[in-house]
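> pasting a predicted model and its sequence here:
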Amino acid sequence: MDKIDSNRKKNRDLNILYQDENIAVIEKPSGLAVQGGEGVGICVIGILSSQLNRRIFPVHRLDKDTTGILVTALSKEAAAIYSAFFSRKKIVKQYQAVCLNCPRRPSGEIRLPLEKKKKDGAPSDVQEAVTFYRVEKSSPDGSFCFVSLRIETGRMHQIRRHLALSGFPVAADDKYGDFAKNREIRRLYGIKKLQLAATSLILPVLDGGKERMLEISCPLPSHMEVCIATLFP
């Protein structure tokens, strides 16, 4: 299996980690939405379309405040192929997060169904959701931990919801997290941004009509590196 590590650019263009005739895999920064919409002026698809001077098609999403690896397609046909790869679980997504509190076990899986809300007041669907975690570092008093994560399903805000429901929410998560502790770590340590990043992806790439597996990785964003250095000296 081939492997690519990020080499970050220091300009306003998005960092392209891998590109071929079908896809462009980029490193999404924090605070940037994947697609435009109501109240969203600047987004990944718009920036990348301008950067590559061609139409870009989303394949999957990352939350606006989550950083890391994102796959985009360069044609409708490629978007359909890679959307199917995600649906058939041929693409492995791995994340890292700083969490408030620590799980009881150093590694394990979270299997908690999650509701998918519908519009127009229709009843919500309940979807299966599976997240695997492993604790990489923890503070002596159990107040914080740094975890690696892999998701088997791709539900909306799955990692953030699963970790919050399991008692160790992502630090600085202002939607599902511990709001009182978020205020505390902001006051004490200056931690303001969501501490969650998609840092590794294994996916098939099409080469001469054949599939080969490629692993792409990128380092943690600077705000997470600072957070880890502060909480785990």
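Nice, thanks for sending it over.

> wait, isn't residue 103 in contact with residue 169?
No. Assessed by CB atoms under 8 Å, residue 103 is found out of contact with residue 169, at 11.3 Å. C-beta here means a position set from N, CA and C on the backbone, and glycine is covered the same way.

> in terms of neighbours, single out the busier of the two.
Neighbour tally, residue 103 and residue 169, criterion other CB atoms under 10 Å: the higher count belongs to residue 169, 25 against 20.

> so what's the more buried one closest to, chain neighbours aside?
Using CB to CB, 6 or more residues apart in numbering and skipping residues adjacent in sequence, the residue nearest residue 169 is residue 177, 4.0 Å away.

> hang on, the one you found is in a strand, isn't it?
No. Residue 177 is assigned coil when assessed by DSSP: H, G, I helix; E, B strand; the rest coil, not a strand.

> what are the phi and psi values at it?
Dihedral pair for residue 177: phi -80, psi -170, per degrees, to the nearest 10.

> surely it touches residue 99?
No. At 9.1 Å, residue 177 and residue 99 do not qualify as touching, with contact defined as CB under 8 Å.

> tell me the secondary structure for residue 83?
helix.

> one more: the one 3 residues further on?
Assigned by three-state DSSP, the conformation of residue 86 is helix.

> repeat that for the one 10 residues further on.
Reducing the assignment to helix, strand or coil with three-state DSSP, the entry for residue 96 is strand.

> that one: what's it in contact with?
Residue 96 makes contacts with 136, 146, 147, 148, 149, 196, 197, 199, 220, 224, as judged by CB atoms under 8 Å, 6 or more residues apart in numbering.

> the second one belongs to a strand?
Going back to what we said before, that points to residue 146. Yes. Per three-state DSSP, residue 146 lies within a strand segment.

> for the helix or strand residue 77 falls within, name the packing helices and strands.
Per DSSP states H and E: residue 77 is located in helix 76-87. In terms of contacts (3 or more CB pairs under 8 Å, 6 or more residues apart in numbering; DSSP states H and E), helix 76-87 is packed against strand 57-58, strand 67-73, strand 196-207.

> got the CA positions of the last one in CSV?
Coordinates of each C-alpha in strand 196-207 appear next as CSV, following Å, rounded to 0.1, in the frame of the first residue of the first chain:
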residue,chain,number,x,y,z
LEU,A,196,-10.8,17.1,16.7
ALA,A,197,-9.0,16.3,13.5
ALA,A,198,-9.2,13.7,10.7
THR,A,199,-5.5,12.7,10.4
SER,A,200,-5.5,9.5,8.3
LEU,A,201,-7.4,8.0,5.4
ILE,A,202,-7.0,4.7,3.6
LEU,A,203,-8.8,4.7,0.3
PRO,A,204,-8.8,3.0,-3.2
VAL,A,205,-7.4,5.0,-6.1
LEU,A,206,-8.0,4.1,-9.7
ASP,A,207,-4.9,3.5,-11.6
